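> need coordinates for the below:
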Amino acid sequence: MTKPVIAFIVGYFPIAHGGAELQTYQIANEIKENYNVHFISICDQINKLTIRNENGFTLWLLPKRKISRHLFNHNEFLNFFLIKRILTKIKPDYVYQRCAGFHTWICGILKNHFNYRFTFHMAADFDVQPVKIINFRSLIYAIEKNCVRKGLKHADHVFVQNEVQKNGCETFYHRTDSQLVYNFSYPLPHPIEKTNSKIQVTWVANIKPMKKPEIFVEIAKHFANDQRIKFTMIGTPGQESIMNLINQTKQDQSNFEYLGHIPNEEVNTILEHSHLLINTSDFEGFSNVFVQAWFRGCAVASLNANPDKIITKHSTGYCANGSYEQLISFIENYLNDKQLQHTLSNNALQFANEHLSATNVLPLIIKGITGK
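Predicted coordinates for the structure are as follows:
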């Protein structure tokens, strides 16, 4: 019996290291026994279309267009004919596209041509925010947003990660039928045990300006002489000035380490032994690292991000609402309060098991993709 064909048009994990890519990989891994799974993904390690088989998937790797990227970052519309050519070959029954952009437009306008079921999954709050045109790049971004709107008109199903995205999807893209599903993970098969000999504080993200890694470094410097606490920073290297700051702090401060990019399994191991995950981003959709941390009894201390007020509503950590001083104050209190450490850890684990388990969430996503 011929298996149905599904195309995932999103970065392929582990070539791309983001949470959206990891979530999509886990969805694909769940259904690959019953579907022929293809990934159509941009890869900056190649210079021409590359096809290969890996982990039971067929990968169609598109080269990143470096020349045009010097002019503007949002250049995926140039992949239109290449994606159309690939879809002609694989004849998908289902297309799942994640992260709003020109690929959303491509999937939408090609839907009727290929007669597939199109599912879109939003990945960031800024995808539902208007763009102020102040220069050429913001003009391209505004055009991209308009293309996303046109693409979403043709989507059979739309997933969002939180209420901000659901409301924004209605007002900005005129989709009143989006389905809210949180990111998911898998419960650990063994009990979580934290050592209280030293508080482990961890930061996980790519080193880029919107993640505000320099704030985590400043937090670590505040506690430079406190040997009760250890700071671990994880993420793919980025902007030179920030990397210089990180490397200098690593050299000067005994309770600070930077591990660079490490495999997701190692990230999970570190989170399992961590007490706090610090998040310094301007905003998050629904951070996959939050989910990974909560399943490991690691509370989240966030400067800004608090998706659907989960951190405060369910006491899975602390949100400083943009105040650096309040975040520092919380960490100081946390260091001195064993009961608080225990309570937040238990709350995080309980919330994850009750609301974010793959057992509960994956069937909803698969039903949205297939319509069955």
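
> least confident secondary structure element in this protein?
helix 66-69 (a mean of 52; mean pLDDT, DSSP states H and E).

> hmm, who's touching the helix or strand residue 97 falls within?
Residue 97 belongs to strand 94-98 when elements are defined using DSSP states H and E. Contact partners of strand 94-98, identified using Cβ atoms under 8 Å, 6 or more residues apart in numbering, comprise 4-10, 20, 23-24, 27, 35, 87, 103-104, 107, 111, 116-123, 369-370. Where you see a C-beta, it was placed from the backbone N, CA and C, and this is true even at glycine.

> and the next helix or strand past the least confident helix or strand of the chain?
Where DSSP H and E defines the elements, the next helix or strand beyond helix 66-69 is helix 80-90.

> where does this structure dip in pLDDT?
65-75 (pLDDT under 70).

> all strands of it, in order?
For the chain, the strands defined by DSSP state E cover 5-9, 36-43, 50-54, 57-63, 94-98, 117-121, 157-160, 179-180, 199-204, 229-234, 256-258, 276-279, 299-302, 317-319.

> any idea which of the ones you listed gets closest to residue 249?
strand 256-258 (5.4 Å; Cβ to Cβ).

> given the closest one, what are its sheet partners and their directions?
Strand 256-258 pairs in its sheet with strand 229-234 (parallel), by DSSP bridges.

> got the CA coordinates for the partner strand in CSV?
Extracted in CSV, the C-alpha atoms of strand 229-234 (Å, rounded to 0.1, in the frame of the first residue of the first chain):
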residue,chain,number,x,y,z
ILE,A,229,26.0,29.7,42.2
LYS,A,230,27.3,28.6,38.8
PHE,A,231,26.4,30.2,35.5
THR,A,232,26.4,28.2,32.2
MET,A,233,25.8,29.7,28.8
ILE,A,234,24.9,27.6,25.8
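
> can you give me how far that strand is from the chain middle?
21 Å (Cα atoms, centre = their mean, to the nearest Å).

> what is the burial count for residue 184?
Neighbour count of residue 184, defined by other Cβ atoms under 10 Å: 23.

> quick one: furthest residue from the center of the protein?
Of all residues in the chain, residue 1 has its C-alpha farthest from the mean position, at 35.6 Å, by Cα atoms, centre = their mean.

> with adjacent residues omitted, what lies nearest to residue 77?
residue 102 (4.0 Å; Cβ to Cβ, 6 or more residues apart in numbering).

> my guess is that neighbour contacts residue 145. True?
No - under the criterion of Cβ atoms under 8 Å, residue 102 makes no contact with residue 145, lying 10.2 Å away.

> quick one: contacts for residue 243?
For residue 243, the contacting residues are 207, 237, taking Cβ under 8 Å, 6+ apart as the criterion.

> with adjacent residues omitted, what lies nearest to residue 151?
Using Cβ to Cβ, 6+ apart, the nearest residue to residue 151 is residue 108, at 3.0 Å.

> wait, residue 83 sits on residue 104?
No - using Cβ under 8 Å, residue 83 is not in contact with residue 104, being 11.7 Å away.

> the more surrounded of these two?
residue 104 (28 against 20).

> report the contact partners of that one.
97, 120, 147, 148, 151, 152.

> in CSV, list those residues along with distance to residue 273.
What follows is these, written out as CSV (distance: Cβ to Cβ, whole Å):
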residue, distance to residue 273
97, 36
120, 37
147, 44
148, 40
151, 43
152, 42
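
> now which of the contacts of strand 94-98 would you call buried?
Burial by neighbour count, judged by 16 or more other Cβ atoms under 10 Å, picks out 5-10, 20, 23-24, 27, 35, 87, 103-104, 107, 111, 116-123, 369-370 from the contacts of strand 94-98.

> residue 161 versus the nearest residue to residue 326 once chain neighbours are set aside, what's the distance?
Excluding the flanking residues, the one nearest residue 326 by Cβ to Cβ, 6+ apart is residue 320, at 4.2 Å. Distance of residue 320 to residue 161, computed by Cβ to Cβ, to the nearest Å: 21 Å.

> so which of the two has more stuff around it?
For residue 320 versus residue 161, neighbours defined as other Cβ under 10 Å are more numerous around residue 161 (26 against 19).

> and the nearest residue to the more buried one once chain neighbours are set aside, what are its phi and psi?
Counting by Cβ to Cβ, 6+ apart, residue 286 is the residue found nearest to residue 161 once chain neighbours are left out, at 3.8 Å. Dihedral angles of residue 286 (phi, psi; degrees, to the nearest 10) stand at phi -150, psi 90.

> who are the contact partners of residue 286?
Contacts of residue 286 by Cβ under 8 Å, 6+ apart are 161, 162, 182, 183, 307.

> by neighbour count, which of those wins?
Among the contacts of residue 286, residue 161 has the most neighbours (other Cβ under 10 Å), with 26 neighbours.
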